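**Q** Following is a predicted model, sequence given first.
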Amino acid sequence: MGCHVVDHPLVRAKLSTLRDASTALCGFRDALHELSLLLGYEALRDLEEEITSVQTPLEICGGSRVRDAIFIMPILRAGLGMAEALSELLPDAPIGHIGMFRDEVTLEPQPYYLRVPPGIEKANVVCVDPMLATGNSAVSAIDQLKKCGAKKIRLVCVVGCPQGVARMTEAHPDVPIFTAAVDTGLNERGYILPGLGDAGDRYYGT
Ligand code: URA
């Protein structure tokens, strides 16, 4: 389990585009999309498979299919950009939604919406949120998913920080984290440093 920093030159290049304050809306959206594909691919590396057999035009050979369903669960709203990319990778995967906003004073998450596809008990749940800052939202989202019966959960984010990683691994040691970077810390407003700013604002142009 633990925190996996995806070590790849393309991941670092896309992340640098996202960090760059001069990256415009379209460039930010494209980079988040491309980076989410790379992170999602890596995060799903250990999916359980079933052996199948395949008839090629020439003969029968061994094949494989993913054993259990995969559900994509974005944390609103910045997670939506990542969910869109993951659904390109996994066109059959249902997408649920976890709505939470952050109380700007306490930095505590305030849940306001939860919609989970049926069958979550057996599914591989991929929870996505670009920023693992205080870890409060991620912990709350995973609390909610577990209450709904989810057992196999992964968290995919773009940038984490030591506080967020520590909070998550303490609260949910069974949930692996996949990220492009673990930054140095948080400022007094709960933003990751150096980070990339407000991921939702940058993705939606707000
Ligand atoms: N949410 C963001 O969008 N950015 C941060 O740096 C922290 C939380």
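**A** Alright, I've got the coordinates. Values in this document were obtained by computation on a predicted structure and should not be read as measured data.
**Q** can you give me the end-to-end distance of stretch 144-154?
**A** From its first residue to its last, stretch 144-154 covers 14 Å (C-alpha to C-alpha, to the nearest Å).
**Q** ok, Y113 - contacts?
**A** Y113 makes contact with 76, 97-99, according to C-beta atoms under 8 Å, 6 or more residues apart in numbering. The C-beta positions use only the backbone N, C-alpha and C, and glycine is treated the same way.
**Q** Closest one to the ligand out of those, please.
**A** L76 (12.1 Å; C-beta to the nearest ligand atom).
**Q** mind putting the contacts of Y113 in a markdown table, neighbour count, secondary structure and pLDDT included?
**A** What follows is the contacts of Y113, written out as a markdown table (neighbours: other C-beta atoms under 10 Å; DSSP: H, G, I helix; E, B strand; the rest coil; pLDDT from 0 to 100):
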| residue | neighbour count | secondary structure | pLDDT |
| --- | --- | --- | --- |
| L76 | 17 | strand | 94 |
| H97 | 17 | strand | 98 |
| I98 | 26 | strand | 98 |
| G99 | 16 | strand | 97 |
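**Q** and the protein, which residues reach the ligand?
**A** The chain has residues 78, 131, 133, 190-192, 195, 198-200 near the ligand, with proximity defined as C-beta under 6 Å from any ligand atom.
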